[in-house]
Each structure stands twice: as structure tokens, then as C-alpha cells.
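*Asks:* okay, here's the prediction I keep looking at, along with the sequence it came from:
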Amino acid sequence: MDESSARKPDISAAGQESGSKSRFGRVKMNTVQVTLSMYYKIVGADLYGGPESRGYAMIVRDFDKKNLESVNLPVLAEEGKAGLAELCKVPVENITLISRREYEANTADLEGPDGEEN
């Protein structure tokens with residue numbers, strides 16, 4: 001197939017492919033993306049300074065709306081805890097699911113990986 005006959009996808013303003021245009025000329029999205037962020041406090045990890053330390057982590061997952069119905073949020077949160085416990089080499093009891101506000105309050109003055117403050 002040459003370039004002139006190749007179908008080019010429609011791209012929305014957000015840069016995502018879509019299937020068709022509405023009657024107003026705007027591009028309709030085929031799928032809706034949902035982002036789930038889970039925030040955790042980690043106690044006693046060497047990664048964060050040892051037995052008396054507290055560290056914070058965030059896990060972000062993206063889902064298509066059509067797949068969201070099959071997501072079991074409590075199980076997903078527990079799997080996140082288990083994964084962080086393994087990564088940080090601490091018991092799962094040392095990992096606590098926290099709110100975004102608590103996470104932001106405790107990480108606002110920390111440096112990011114590029115040396116700039118978050």
C-alpha cells in the first residue's frame with residue numbers, strides 16, 4: 001500500500017486516536033481513559049532511612065472506561081501494598097494506604113529525581 005492510499009487516523013486535540021467526527025466537526029473519542037492514583041506511607045524501609053523512617057510512594061494506573069468495571073479497587077490497593085512491601089523489603093503491615101492530601105503534605109518539600117523540588 002502506498003502513502004496516498006494509507007488511512008491516517010483522526011487525532012483529537014489531546015493527541016488520541018478516534019474513530020469518527022461528530023456533526024460539529026469535532027473528533028469523538030472511542031475510549032475514555034481513567035487514571036487511578038493510590039498513595040502510601042512506608043515505615044521502616046532502608047530506602048527511606050531505616051527503622052524509624054517514613055517514606056511515601058504513589059502508584060498510578062490508567063484504565064479504559066470499558067475495563068473499569070472489572071477493577072476490584074480494594075484488591076488493587078492491597079496488591080499495591082504487597083508490591084511496595086517487597087520493593088522496600090518491609091512487612092506489608094508497614095505500608096499504609098493514605099489520602100492524596102496526606103501524601104502531598106508530607107512530600108511537598110522533597111526533591112524530585114532531577115534535583116528540583118516537587
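*Replies:* Arrived safely.
*Asks:* mind listing the helices for the chain?
*Replies:* 65-68, 73-88, 100-107 (DSSP state H).
*Asks:* now those as TSV including mean neighbour count, distance to residue 58 and mean pLDDT?
*Replies:* For every residue, glycine as well, the C-beta is placed using N, CA and C. Output for the helices of the chain, formatted as TSV (neighbours: other C-beta atoms under 10 Å; distance: least, C-beta to C-beta, whole Å; pLDDT from 0 to 100):
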stretch	mean neighbour count	distance to residue 58	mean pLDDT
helix 65-68	11	20	84
helix 73-88	14	10	96
helix 100-107	13	6	96
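*Asks:* among these, which comes closest to residue 47?
*Replies:* Residue 47 lies closest to helix 73-88 among the helices of the chain, at 5.3 Å (C-beta to C-beta).
*Asks:* need the residues that contact that closest one.
*Replies:* With contact meaning C-beta atoms under 8 Å, 6 or more residues apart in numbering, helix 73-88 is reached by 36, 38, 40, 42, 45-48, 55, 57, 59, 61, 91-92, 94-95, 97.
*Asks:* any idea how many residues pack against residue 45?
*Replies:* 21 (other C-beta atoms under 10 Å).
*Asks:* return the residues in contact with it.
*Replies:* 53, 55, 88-90, 94.
*Asks:* tell me the spacing between the nearest residue to it once chain neighbours are set aside and residue 44.
*Replies:* Spatial nearest neighbour of residue 45, excluding adjacent residues (C-beta to C-beta, 6 or more residues apart in numbering): residue 88 at 3.8 Å. To residue 44, residue 88 is 9 Å away according to C-beta to C-beta, to the nearest Å.
*Asks:* so what sits against both of these two?
*Replies:* Contacts common to residue 88 and residue 44, judged by C-beta under 8 Å, 6+ apart, are residue 94.
*Asks:* can you name the residues bridging to the closest residue to residue 99 other than its chain neighbours?
*Replies:* Distances taken as C-beta to C-beta, 6+ apart place residue 39 nearest to residue 99, at 6.6 Å, with adjacent residues excluded. When bridges are taken as DSSP bridges, the partners of residue 39 come out as residue 58, residue 98.
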